[in-house]
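Chemist: Dropping the sequence and predicted coords here.
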Amino acid sequence: MKGIITAFVLMLFSMTAMAQEQQPVVSDVEDYVIVKDEVVEGVRYVTATPSAKVCSKQIDIEIKDGIIRKVVYTRGCEGNAKGIGALIKDMSVDEAIRRLDGITCGKRGTSCPDQLAKILKALD
């Protein structure tokens, strides 16, 4: 029984250590969380959870050589989300930030495009 308890404690310790190593990047001010940020064969893949103030629940971004290849929003207004993705495809990250930063949705103080701009700014 003592061996089982020791093994369980070691497993919990290992899981806690792993969770501490893989903490997502959280912005105190903007409320978004960058869940994944990795580069595979020259393409940067970013997954982020935007602020709870907006309708979308996740933003997936692909960037290569400073150019946005793809943006996909999960949930939210499907037509607007697809429109944003289509409009900024093949646009530089800097230009997308310039165009989207500060756009608000009603009285929320932010929007899905604004959250994308804030996430892109954080990737420097």
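Modeler: That came through, no problem.

Chemist: how close does the nearest residue to Val43 once chain neighbours are set aside sit to Ser56?
Modeler: Spatial nearest neighbour of Val43, excluding adjacent residues (CB to CB, 6 or more residues apart in numbering): Lys64 at 4.9 Å. Every residue, glycine included, has its C-beta placed from N, CA and C. According to CB to CB, to the nearest Å, Lys64 stands 23 Å off from Ser56.

Chemist: So if I had to pick from those two, which one is more boxed in?
Modeler: Ser56 (23 against 13; other CB atoms under 10 Å).

Chemist: Surely the residue nearest to Val43 is in contact with Val40?
Modeler: No: with contact defined as CB atoms under 8 Å, Lys64 does not reach Val40; the gap is 10.5 Å.

Chemist: Tell me the helix or strand right after the helix-or-strand element of the chain with minimal mean pLDDT.
Modeler: Counting by mean pLDDT, DSSP states H and E, the chain has its least confident helix or strand at strand 25-26, which shows a mean of 48. Counting by DSSP states H and E, the element after strand 25-26 in chain order, helix or strand, is strand 33-40.

Chemist: just checking, what packs against that next one?
Modeler: Strand 33-40 sits against strand 25-26, strand 43-49, with contacts defined as 3 or more CB pairs under 8 Å, 6 or more residues apart in numbering; DSSP states H and E.

Chemist: Name the stretch among these that sits most buried.
Modeler: strand 43-49 (a mean of 18; mean count of other CB atoms under 10 Å).
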